[in-house]
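Trainee: Give me a model of this one.
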Amino acid sequence: MKGSGPNTSFSGGAGLVPTAKDYARFLQMTLNGGELDGQRILSRRTIELMTTDHLGGIPFRDGQGFGLGFFVVTDLGERGILGSEGEYGWGGAYHTTYWVDPSEELVVVYLTQLIPAQGIDDYSKLRSGIYQAIID
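Mentor: As a prediction, this is how the structure comes out:
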């Protein structure tokens, strides 16, 4: 009988349930060029390919392209929010987001359980607070 048991969903991210710590470690591995805790997980060239814009001029978002699984900031001025060119990340269900900023050696994982999430300004406040706290 269809629908009475487990179903298959062919979606790249569907059903993934890591902890915040696990996801942060994965992102740290990408920031480290494919290494984590002294172990090579992915090649440096693979990380470079994943975090390079592959759209070839196809419009996506202002100042952003898209790599293999991540938005990629290509023009900070055009994007118009705090961050760095070369930053990459994405978001998920229930208003979650993450990004990696190689220029600042920064990994951010922000997990929420909000749906719908209209009318709140938490993303810009989070980003503003983080970048304003950086002291050179």
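Trainee: Strands of the chain, residue ranges please.
Mentor: Assigned by DSSP state E, the strands in the chain fall at 35-36, 39-40, 64-66, 71-73, 88-91, 97-101, 106-110.
Trainee: Check the offset of the third one from the chain's centre.
Mentor: Put plainly, it is strand 64-66. Computed by Cα atoms, centre = their mean, to the nearest Å, the chain-centroid distance of strand 64-66 equals 12 Å.
Trainee: show me where pLDDT drops low in the chain?
Mentor: For the chain, the stretches with pLDDT under 70 are 1-3, 9-16.
Trainee: can you tell me which residues contact the spatially most central residue of it?
Mentor: Centroid-nearest residue in the chain, with Cα atoms, centre = their mean: Gly89, separated by 1.9 Å. For Gly89, the contacting residues are Phe70, Phe71, Thr97, Tyr98, Trp99, Val100, Val108, by Cβ atoms under 8 Å, 6 or more residues apart in numbering. To be clear about C-beta, it is placed using only N, CA and C from the backbone, and glycine gets the same treatment.
Trainee: I appreciate the help and will end here.
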